[in-house]
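*Asks:* take a look and give me a structure for this.
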Amino acid sequence: MKKVRVLVLTGYGLNCDHETANAFSLAGAEPVRVHINSLIAGEERLEDFQILAFGGGFSWGDDHGAGVIQATRMKNNLGGQLLEFVEKGGLVIAICNGFQAVVNLGLLPGFDNDYTSRSVALTYNDSGNFRDDWVYLAPNEKSPCVFTKGLESFDLPVRHGEGKLYAEDAVIKRLQDNNQVALRYALADGSPANGKFPENPNGAVDDIAGICDPTGRIFGLMPHPEATVHYSNHPQWTRIKEEKKRKGEALGDAVSPGLQIFINGVNYVRENQ
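*Replies:* Take a look at the predicted model:
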């Protein structure tokens, strides 16, 4: 079986690196946690990996805005390597703070093969508060996103203060027309949240929870799939387990949607590179 190596960024307030590495390990990959300084110093080379993971946390304390300093530091020191990584077919998953950094870098939305221009913002929640909750998500089955293939409506945790996706109307329309909107916040039955709070926890335009680039290989999302890689990670797991037991269904062997996101990425690399 082909080895799939994943570079999981860590350092300076990024506090979800262990969980992200664990998720990729469970998905069958070989994750390596790499401090951003080690990558800049050349102690690890991006070209030696097939997947790059921007994890969650509060990089540089979210000073000057969430993900801003991380994006600036990486663009100034690793910009060329990032573009080469994408050009050669590498996968990128950017979660929460990582999503914020990636839109600041310009890696998303990647219109017209431009991975340097910023056209999307992730700004303060409409509620004015940090949201720590679970949300329902509706995947876009027409999206080219590698990571969301085959997924149906599911729920994941969110924990952010600056998660509202906002852009000019023309940019939003282009995301919609290109099916680059990979995930939307939804109601429990999978229908659109239509901006309703708390189902849409931040006021994101068009309920957008995650987007990809036109190739589907770069994926950014605000919810945390790495935080629910086992059924017991769900806050209602005992109730869900009992409900399935009464229906004669097994729960323990089921792959969680959160873990499936990572499995999809790993399988894509094995099949295409």
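
*Asks:* where's residue 128 relative to residue 11, distance?
*Replies:* Relative to residue 11, residue 128 is positioned 29 Å away (Cβ to Cβ, to the nearest Å). (Each C-beta comes from the backbone N, C-alpha and C, glycine too.)

*Asks:* the two - which one has more neighbours?
*Replies:* residue 11 (18 against 7; other Cβ atoms under 10 Å).

*Asks:* show me what that one bridges to in the sheet.
*Replies:* residue 14 (DSSP bridges).

*Asks:* look up how far residue 56 lies from it.
*Replies:* 13 Å.

*Asks:* pretty sure residue 176 is in a helix, no?
*Replies:* Yes - counting by DSSP: H, G, I helix; E, B strand; the rest coil, residue 176 falls inside a helix.

*Asks:* which residue ranges of the protein form helices?
*Replies:* For the chain, helices defined by DSSP state H occupy the ranges 17-26, 36-41, 68-87, 97-105, 169-177, 237-246, 257-272.

*Asks:* what mean pLDDT does the longest one have?
*Replies:* Think helix 68-87. Averaged across helix 68-87, pLDDT comes to 95.

*Asks:* repeat that for the first one.
*Replies:* This predicted structure assigns helix 17-26 an average pLDDT of 98.

*Asks:* what lies in contact with it?
*Replies:* When contacts are defined by Cβ atoms under 8 Å, 6 or more residues apart in numbering, helix 17-26 is touched by residues 6, 8-10, 31-33, 51, 53, 55-57, 95, 224-227, 229, 258-259, 262, 266.

*Asks:* next step: those residues restricted to strands.
*Replies:* Within the contacts of helix 17-26, residues falling in strands by DSSP state E are 6, 8-10, 31-33, 51, 53, 95.

*Asks:* which residue packs closest to residue 5, ignoring adjacent ones?
*Replies:* Ranked by Cβ to Cβ, 6 or more residues apart in numbering and with sequence neighbours excluded, the top spatial neighbour of residue 5 is residue 49, at 4.6 Å.

*Asks:* my read: residue 29 touches residue 49, true?
*Replies:* No - with contact defined as Cβ atoms under 8 Å, residue 29 does not count as touching residue 49 (9.8 Å).

*Asks:* quick one: low-confidence parts of the stretch 101-250 of the chain?
*Replies:* Scanning the stretch 101-250 of the chain for pLDDT under 70 picks out nothing.

*Asks:* any idea what the residue nearest to residue 204 when sequence neighbours are not counted is bridged to?
*Replies:* Distances taken as Cβ to Cβ, 6+ apart put residue 165 closest to residue 204, at 4.3 Å, once the chain neighbours are dropped. Per DSSP bridges, the residues bridged to residue 165 are residue 122.

*Asks:* what's the neighbour count on residue 165?
*Replies:* 25.

*Asks:* OK, contacts around it?
*Replies:* Applying Cβ under 8 Å, 6+ apart to residue 165 gives the contacts 120-122, 202, 204-205, 208-209, 211, 222.

*Asks:* mind checking which of those residues are in strands?
*Replies:* Using DSSP E, those in strands are 121-122, 208-209, 211.

*Asks:* what count of nearby residues applies to residue 151?
*Replies:* Neighbour tally, residue 151, other Cβ under 10 Å: 19.

*Asks:* I'd assumed residue 256 was in contact with it.
*Replies:* No - counting by Cβ under 8 Å, residue 151 does not reach residue 256; the two are 10.8 Å apart.

*Asks:* still on that earlier bit, out of the ones in strands among the contacts of residue 165, which is most surrounded?
*Replies:* residue 209 (30 neighbours).
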